[in-house]
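>>> sequence first, then the predicted structure:
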Amino acid sequence: MVETTTVKKINDAKREIDIVIPADDVQQEFDKAVKRYAQRVKIKGFRPGKAPAHIVKQMYLPEIKEAVINTLAPDVLNKELKAHDLNPLGSPVISQLTFEEGQPLQFTAQFDVWPEFDLPEYTKVPVKQKKAAVTEKEINQSLEDLQKKSAQYVPVESRGVKNEDYVVLEIKGKDIHTNKLLPTEKVVVLVGHSDNEKALNENLLGLKPEEKTSFVVHYEKSHANKKLAGKKIEYDVKIISIKEKILPEITDDFAKDLGEFNDLKDLKAEIKTQIQAAKENDIKGEMADEIIQVIAGRVSFDLPENIVEDERLAILRQMITSQSARGLTEEDAKKMNDEARQKAEQNIKNHIILKMIAEREHINVTTKDMDEELDIIAKKNNIPLTQLKARIDKEGQREEVEDRVLLKKTVDFLLKNAIIN
């Protein structure tokens, strides 16, 4: 079915294939398409399916040619890709397509592939050993965090509002310029929080339940909330209720209430163990990154553009999400995009190198490996293991998890075979 096929290497990660389908095969498909159209369309003066072929072609030639192309090109392309052992990343882009009745059908397709390159030396990479030390300050900070999480909020009526109180209030707003009223809202506010309007934090202090206050906020034109940007709003506030944060004392009883601890000493020991484990895991990651960067620096190759672009967009979305609510300037956006691109290229390069090392070293993911990884994910997200497995299978994420486990095992291999000093 193919007259000629030529495969060209554009770069390490891009291929181009030129295909010519013989005129006889094209004409055969063309005649079938004409018959299909003759049976399907209505032409004045002829019964369905009885119109002469030349009239059908005259009236529907563009549609018939498109049908022939859509039938032949993808099918032949897929067969030729398999015949030449080519595995595109994403859909090939067909271009330079030429086709006239009675002539061969010719087209070109470009597509990304995983790059081919020679692996540099990846064992015995020198890396400095780092030690994890836990300080008393870190243990005490963790205790304070646990203390805050165990805080209780007790109703208060005998005093006014203080910072860190939770206050239920009714708030009404009015645009001073237009006198337009904003919807009345009943909200809960953590007084003194940095996300609150400064004027709100200041004007709530000292107020008791049922007391009221008014204040004006002049919003900048660059304010994130477009409905308020550039406006001067007068707010009327009424205190509904106040709750005071009461912290438990850090004692042996506090430790016992948190779990199976005999006393505060036991709790501190467990905190130290957890911090130590977290630090050692971070150090392991840092050492692994250093090793991978050394290996990546020893080789250069072209990257599959569509994979890099997908990674760039994913990183950019994360960066935008982590930004504050303020609007981004054009300069901020360009800088962020450049950073995302650079990080995406490095991530994909590292990924490709690790995958090739795994293949070279015959590193595989076993059923046990997957079970252990899924168990960790389930515990981290506090969901049943069976529920997690069902969700991963339903959402088609098993291959993604397997890939992550494979890369982790490959990193462990590199660490084991590095020169740590």
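Sure, I can see it. Numbering: from 1, shown residues only.

>>> okay, buried residues for the longest strand along the chain please.
In the chain, taking DSSP state E as the definition, the longest strand is strand 232-246. Neighbour-count burial for strand 232-246 flags 233, 235, 237, 238, 239, 242, 244 (criterion: 16 or more other Cβ atoms under 10 Å). Every C-beta, even on glycine, is put in place using the N, C-alpha and C of the backbone.

>>> next one: stretch 187-206
Counting neighbours by 16+ other Cβ under 10 Å, stretch 187-206 gives 189, 191, 192, 200, 201, 203, 204 as buried.

>>> so what does residue 194 look like in phi/psi?
phi -70, psi -20 (degrees, to the nearest 10).

>>> now do residue 10
Dihedral angles (degrees, to the nearest 10) for residue 10: phi -80, psi -50.

>>> ok, now residue 9?
Here residue 9 shows phi and psi, under degrees, to the nearest 10, equal to phi -90, psi 110.

>>> give me the number of residues near the residue lying closest to it once chain neighbours are set aside?
Once flanking residues are discounted, residue 9 sits nearest to residue 15: 6.2 Å by Cβ to Cβ, 6 or more residues apart in numbering. The tally of other residues near residue 15 (other Cβ atoms under 10 Å) stands at 19.

>>> same check on residue 373?
By other Cβ under 10 Å, neighbour count at residue 373 equals 16.

>>> quick one: end-to-end length of stretch 155-172, please.
24 Å (Cα to Cα, to the nearest Å).

>>> give me the contact list for that stretch.
153, 181-182, 184-192, 201, 204-209, 211, 235-245 (Cβ atoms under 8 Å, 6 or more residues apart in numbering).

>>> buried stuff in that stretch?
When neighbours are counted by 16+ other Cβ under 10 Å, the buried residues of stretch 155-172 are found to be 156, 161, 162, 165, 166, 167, 169, 171.

>>> just put these in CSV and tack on pLDDT.
Supplementary listing: those in CSV, determined by pLDDT from 0 to 100:
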residue, pLDDT
156, 91
161, 95
162, 94
165, 94
166, 94
167, 96
169, 95
171, 95
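
>>> which among these gets closest to residue 376?
residue 166 (35.3 Å; Cβ to Cβ).

>>> identify the bridge partners of the closest one.
residue 190, residue 243 (DSSP bridges).

>>> mean confidence for stretch 56-75?
Regarding stretch 56-75, the rounded mean pLDDT is 87.

>>> buried stuff in that stretch?
For stretch 56-75, the neighbour count (16+ other Cβ under 10 Å) marks 56, 57, 60, 64, 65, 67, 68, 69, 72, 73 as buried.

>>> out of the residues you listed, the closest to residue 313 would be?
residue 73 (28.9 Å).

>>> select the longest helix from the chain.
When every helix of the chain is counted residue by residue (DSSP state H), the longest turns out to be helix 264-296.

>>> export the following helix or strand past that helix to PDB, keeping only CA atoms.
Using DSSP states H and E, the helix or strand that follows helix 264-296 in sequence is helix 305-322. Listed next in PDB are the C-alpha coordinates belonging to helix 305-322 (Å, rounded to 0.1, in the frame of the first residue of the first chain):
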ATOM      1  CA  GLU A 305       9.300  19.600  22.800                       C
ATOM      2  CA  ASN A 306       5.700  18.600  23.500                       C
ATOM      3  CA  ILE A 307       6.700  16.800  26.700                       C
ATOM      4  CA  VAL A 308       8.700  19.800  27.900                       C
ATOM      5  CA  GLU A 309       5.700  22.100  27.100                       C
ATOM      6  CA  ASP A 310       3.300  19.900  29.100                       C
ATOM      7  CA  GLU A 311       5.800  20.000  32.000                       C
ATOM      8  CA  ARG A 312       6.200  23.800  31.700                       C
ATOM      9  CA  LEU A 313       2.500  24.400  31.900                       C
ATOM     10  CA  ALA A 314       2.200  22.100  34.900                       C
ATOM     11  CA  ILE A 315       5.000  24.000  36.700                       C
ATOM     12  CA  LEU A 316       3.600  27.400  35.700                       C
ATOM     13  CA  ARG A 317       0.200  26.500  37.200                       C
ATOM     14  CA  GLN A 318       1.800  25.500  40.500                       C
ATOM     15  CA  MET A 319       3.800  28.700  40.500                       C
ATOM     16  CA  ILE A 320       0.700  30.800  39.900                       C
ATOM     17  CA  THR A 321      -1.300  29.000  42.500                       C
ATOM     18  CA  SER A 322       1.400  29.600  45.100                       C
END
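
>>> I'm done for today, thanks for sticking with me.
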